[in-house]
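1. Next comes the sequence, and after it the predicted model I'd like to discuss.
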Amino acid sequence: FVLPRREAAAAAHRRSQEAIMAGGCATFCVIMSALAVPLMMFFGYLCATQSPMIDIPENQKPDAGKGCFMAAALYAVTFAAAYGSMQSSKQASAREAPLLQTSK
């Protein structure tokens, strides 16, 4: 009966590694989204006000501004989803009970 314990231990290790990787991915998404929302809003503002700081043809600036505002909204949704994922994973890990006990 040693083999099932090894398989169970390996499965538990894989689950813990997946949780760590998922937490790192969520953290990366939160950081990137937090930086992207204000940046895209700023670019959208510059395009919407026909600023010369944005070097594209004048007739394309209103559409570019709308696109920047839409991108900012999508980044905000990404931020909310990733932040929610981070919070739920912290709550779940506090309730988990150890599944295996090894004795030597």
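-> Okay, I see it. Residues are numbered from 1 along each chain as shown.
2. Model confidence for residue 36, exactly?
-> Predicted confidence (pLDDT) for residue 36: 98.
3. Disregarding flanking residues, what is the spatial nearest neighbour of it?
-> Distances taken as CB to CB, 6 or more residues apart in numbering place residue 75 nearest to residue 36, at 4.3 Å, with adjacent residues excluded. For the C-beta atoms, the positions are set from N, CA and C on the backbone; glycine is no exception.
4. Kindly report the same for residue 82.
-> Excluding its sequence neighbours, the residue lying closest to residue 82 (CB to CB, 6+ apart) is residue 29, at 3.8 Å.
5. surely the one you found meets residue 76?
-> No: at 12.0 Å, residue 29 does not count as touching residue 76 under the criterion of CB atoms under 8 Å.
6. where are the low-confidence patches of this protein?
-> Residue ranges of the chain with pLDDT under 70: 1-6, 8-22, 90-104.
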